[in-house]
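>>> got a predicted model here, sequence first, then my questions.
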Amino acid sequence: MATTTTLTGQPLDRPSLDTLLRRRLFYTPAFEVYGGISGLYDYGPPGCALQANIIETWRKHFVLEEDMLEVDCTMLTPHEVLKTSGHVDKFADWMCKDPKTGEIFRADHLVEEVLESRLKGDKEARGQKVEVDEEKEAKRKKRAKTVPATRLDDSVIREYEEILAKIDNYGGEELGLLMTKYAIKNPSTNGDLLPPVAFNLMFQTSIGPSSNLAGYLRPETAQGQFLTFQKLLEFNQQAMPFASACIGKAFRNEISPRSGLLRVREFLMAEIEHYVDPEGGKKHPRFQEIKDVELVLLDREVQLAGKTETKTLPIGEAVSTGLVDSETLGYFMARIHQFLKRIGIDQNKVRFRQHMANEMAHYAADCWDAELLTSYGWIECVGCADRSAFDLSVHSKKTGAPLCVRETRSEPLKIEEWQIDLDKKKFGPRFKKDGKAVETAVEALSQSLREKLSIDLREKGKVEVEVSSVGDGKVEIEKDLISIEKRTRIEHVREYTPNVIEPAFGIGRILYSLLEHVYWSREGSEARGVLSFPPPVAPTKVLLVPLSGHSDFKPLVQRLSLKLRKLGISNRVDDSSASIGKRYSRNDELGTPLGVTVDFQSVNDNTFTLRDRDSTKQVRSDEDTICSAIKSIIEGQKTWFDIQQELPEFTQQETD
């Protein structure tokens, strides 16, 4: 287990947190009565409310504040779309199989697990304290033979640590070499494993009753957004830059789901596609607003050296030095950081890690992941990538659709270029069935080649063009069929394919990381777990607690509840027979930030106490003032500290 702490600095006990979350039905394994299926979970009422509030905050922070165009694209995606995007051929993880037992392992996870186990054994042999991840350890013991505590050479320890620092950078062949070099076998049988092979992570299906149209459940929401680009550009009155946004489910057939909600097969994503003109350095008009935001950065050079030291820089400096590729990429990194802070993520447990060469798509210019520290280690929760013009270009080339921007130039552009004219009447009879291939090859000639061929045509009376599909790959064209001249062309319209900056959020991963970051327990009462959600994302905002079951309290509680609901504030009533302390404690576990107690004084003078979850302090005032205070806290206009300054503190309830 990573060395992590609770919100108040106590060592984090993940089993205790997990027990709380399942007992209070934040989430539960799906199909549990049938034994469950790995990597599938259901959210209960508080989990659903928390997820909805995170999404609502995301919408305000990005869609509303950045004036984005939200779309809802279909999850079912035809084969042809994902073939064009490269997912059919390349969207894969590396797996290895035990030929004797049939067991399947994800190769990078296996290498990571075995090397971590050996490093742990080395620490035990040296008598050093070892941090133990109880869940991981239980799984390891179930499937692995006991590994004796063995002291390793210092050079071997350094090798292992460097490999673990770069584990995301290894391809299948490299993972296979590591498994051979370090004798990594099946942990439970010590049997040899076959070399790693690629396993495509998409769920395949067929569309329609005839099963002729192959399709997939989408692995990301991006492709649907790219294919609506031209319509969105028209909707946006041809104005650039602009961004689309999509919130929805995606699906990945993980080889070996693990780490609870962090690696699942069905998950909620929130993705942004920000379209920008590639000319002019991908500037962002609002970059000055965030240039001083400081981010913790782990760049690729440090990782390739086998290290994990970070540096803290203002994003303006990171962009100006070229560490971050562009203003727009840097802008969104800063906005991601602000969003994570807004929902309650611990700022000491956030870093941005730059992708290494092997991780990054071949078309990407730069990519940074926002990683959050949890008891499972550093977890990628948001990816922020510059996808260049790849997606729009490949879909346009495949379909012929004009996925591009056409804008009138402020001044007409004069272009001198070598132009080719073909005599189509003679061209067809001369080349017959090969005519189209030859014509396409001629039109594809670069300006420098056209200039060279114009000299050949003048001196030799013919040119030679490479056409791979015809004869021996070379075709001669005589001067009566072709002319090449330098001419001036006036261009009034500029046409270009935008580049795309893509922030992609894994909502489930963010949600789980948040649960760890806001969890703590009261001193002297470790069994009393508290989830200190910021009020805007808390599942329920207010707990209404009548002092007892006395009939005089009921109308007051009902009136308060209705009033708060009309203000859009979620609340629940706990009128059980348990003590007030016990009732508040139960709702501290649910993360309810505020509580209102109805007592006998309330019946007499219509005043109520307002309790703060974290400090357990209370203030007292009349009904309207209390409701107004609650609204200001929930909407983020005031803090509990502000309310304490405004309203009198209250220490003891009237019990008769």
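Yep, it's here.
>>> drop to CA atoms for contacts and neighbour counts, all remaining ones
OK.
>>> now residue 335: closest residue in space that isn't a chain neighbour?
residue 290 (7.9 Å; CA to CA, 6 or more residues apart in numbering).
>>> kindly report the same for residue 367.
residue 385 (4.1 Å).
>>> can you give me the helices for the stretch 151-300 of the chain?
154-165, 172-181, 222-227, 229-235, 287-290, 300-304 (DSSP state H, counting those that start in this stretch).
>>> please identify the most buried of those helices.
By mean neighbour count, with neighbours taken as mean count of other CA atoms under 10 Å, helix 222-227 ranks first of those at a mean of 19.
>>> which elements pack onto that one?
helix 79-85, strand 242-251, strand 266-276, helix 390-399 (3 or more CA pairs under 8 Å, 6 or more residues apart in numbering; DSSP states H and E).
>>> so which of the ones you listed gets nearest residue 310?
Residue 310 lies closest, by CA to CA, to one member of those: strand 266-276, at 26.6 Å.
>>> which residues sit against the closest one?
Contact partners of strand 266-276, identified using CA atoms under 8 Å, 6 or more residues apart in numbering, comprise 39-40, 220-222, 225, 240-252, 282, 498-508.
>>> just the CA atoms of that strand, as CSV, please.
The C-alpha trace of strand 266-276 is given here as CSV (Å, rounded to 0.1, in the frame of the first residue of the first chain):
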residue,chain,number,x,y,z
GLU,A,266,-17.8,0.0,-17.4
PHE,A,267,-17.2,3.6,-16.3
LEU,A,268,-18.3,7.2,-16.6
MET,A,269,-16.2,9.6,-18.6
ALA,A,270,-16.3,13.4,-19.1
GLU,A,271,-14.3,14.4,-22.2
ILE,A,272,-13.6,17.7,-23.8
GLU,A,273,-12.4,18.3,-27.4
HIS,A,274,-11.1,21.8,-27.7
TYR,A,275,-10.5,22.7,-31.4
VAL,A,276,-7.7,25.2,-32.1
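>>> what's the angle from that strand to strand 242-251?
160 degrees (axes from the mean of the first three to the mean of the last three CA atoms, to 10 degrees).
>>> flag the shaky bits of the protein, pLDDT-wise.
Applying pLDDT under 70 to the chain flags the ranges 1-3, 130-147, 653-656.
>>> and of the helices and strands packed on helix 222-227, who's closest to residue 174?
Ranking the helices and strands packed on helix 222-227 by proximity to residue 174 (CA to CA) places helix 79-85 first, at 25.5 Å.
>>> chain center to the helix or strand hosting residue 465: distance?
Using DSSP states H and E, the element containing residue 465 is strand 462-466. What separates the centre of strand 462-466 from the centre of its chain is 51 Å, taken as CA atoms, centre = their mean, to the nearest Å.
>>> re the thing from before, give me the buried subset of the contacts of strand 266-276.
Burial by neighbour count, 16 or more other CA atoms under 10 Å: within the contacts of strand 266-276 this picks out 39-40, 220-222, 225, 241-252, 282, 498-508.
>>> which strands and helices sit next to the strand ranked longest in the chain?
What stands out as the longest strand in the chain, according to DSSP state E, is strand 405-422. Under the contact definition 3+ CA pairs under 8 Å, 6+ apart, strand 405-422 sits against helix 447-460, strand 482-496.
>>> name the residues of the first one that are buried.
This points to helix 447-460. 450-451, 453-454, 457.
>>> CA-only coordinates of it, as PDB, when you get a sec.
C-alpha atoms of helix 447-460 as PDB (Å, rounded to 0.1, in the frame of the first residue of the first chain):
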ATOM      1  CA  GLN A 447       6.300  21.000 -55.500                       C
ATOM      2  CA  SER A 448      10.000  20.200 -55.600                       C
ATOM      3  CA  LEU A 449       9.400  17.100 -57.700                       C
ATOM      4  CA  ARG A 450       7.200  19.000 -60.100                       C
ATOM      5  CA  GLU A 451      10.000  21.500 -60.600                       C
ATOM      6  CA  LYS A 452      12.500  18.800 -61.300                       C
ATOM      7  CA  LEU A 453      10.100  17.000 -63.700                       C
ATOM      8  CA  SER A 454       9.400  20.300 -65.600                       C
ATOM      9  CA  ILE A 455      13.200  20.300 -66.500                       C
ATOM     10  CA  ASP A 456      13.000  16.600 -67.600                       C
ATOM     11  CA  LEU A 457      10.000  17.400 -69.700                       C
ATOM     12  CA  ARG A 458      11.700  20.300 -71.400                       C
ATOM     13  CA  GLU A 459      15.000  18.500 -72.000                       C
ATOM     14  CA  LYS A 460      13.900  14.900 -72.600                       C
END
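>>> quick one: contacts for residue 81?
223, 395.
>>> what does the one 4 residues further on give?
Contact partners of residue 85, counting by CA under 8 Å, 6+ apart, are 223, 391, 394-395.
>>> tell me the spacing between it and residue 91.
Distance of residue 85 to residue 91, given as CA to CA, to the nearest Å: 10 Å.
>>> same check, this time on residue 608
From residue 608 across to residue 91, the span is 58 Å (CA to CA).
>>> what of residue 271?
Taken as CA to CA, the span from residue 271 to residue 91 is 18 Å.
>>> neighbour count winner among these two?
Using other CA atoms under 10 Å, the more surrounded residue of residue 271 and residue 91 is residue 271, with 24 against 16.
>>> quick revisit: in the contacts of residue 85, find the pair that's most separated.
Within those, two members stand farthest from each other by CA to CA: 223 and 394, at 11.3 Å.
>>> re earlier: what's the closest of the helices of the stretch 151-300 of the chain to residue 215?
Taking the helices of the stretch 151-300 of the chain one by one with CA to CA, helix 222-227 is closest: 13.5 Å.
>>> centre of the chain to that closest one, how far?
The answer for helix 222-227 is 16 Å, by CA atoms, centre = their mean.
>>> for the remainder of this discussion, apply numbering that starts at 4.
From this message on, residue numbering opens at 4, which makes the last subject helix 225-230.
>>> go ahead and produce PDB holding the CA coordinates of that helix.
Output in PDB follows, covering the C-alpha atoms of helix 225-230 (Å, rounded to 0.1, in the frame of the first residue of the first chain):
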ATOM      1  CA  ALA A 225     -14.200  11.200 -28.300                       C
ATOM      2  CA  GLN A 226     -14.900   9.600 -31.700                       C
ATOM      3  CA  GLY A 227     -18.600  10.700 -31.600                       C
ATOM      4  CA  GLN A 228     -17.500  14.200 -30.900                       C
ATOM      5  CA  PHE A 229     -15.100  14.300 -33.800                       C
ATOM      6  CA  LEU A 230     -17.700  13.000 -36.300                       C
END
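>>> mind listing the helices for the stretch 454-603 of the chain?
Under DSSP H, counting those that start in this stretch, the stretch 454-603 of the chain gives helices at 510-521, 556-569, 583-592, 603-608.
>>> these: which one's closest to residue 72?
Of all the helices of the stretch 454-603 of the chain, helix 510-521 comes closest under CA to CA, at 19.5 Å.
>>> any buried residues in the closest one, and which?
In helix 510-521, counting by 16+ other CA under 10 Å, buried: 510-514, 516-521.
>>> now stretch 69-79
71-73, 76, 78-79.
>>> now, which of these sits nearest residue 20?
Looking across the buried residues of stretch 69-79 and measuring by CA to CA, the closest to residue 20 is residue 78, at 33.2 Å.
>>> backbone dihedrals for that closest one, please?
As for residue 78, its main-chain torsions (degrees, to the nearest 10) stand at phi -80, psi -30.
>>> what is the strand holding residue 468 packed up against?
With contacts defined as 3+ CA pairs under 8 Å, 6+ apart, strand 465-469 has these neighbours: helix 438-446, helix 450-463, strand 477-481.
>>> kindly calculate the angle that that strand makes with helix 438-446.
Going by the same axes, to 10 degrees, strand 465-469 makes 100 degrees with helix 438-446.
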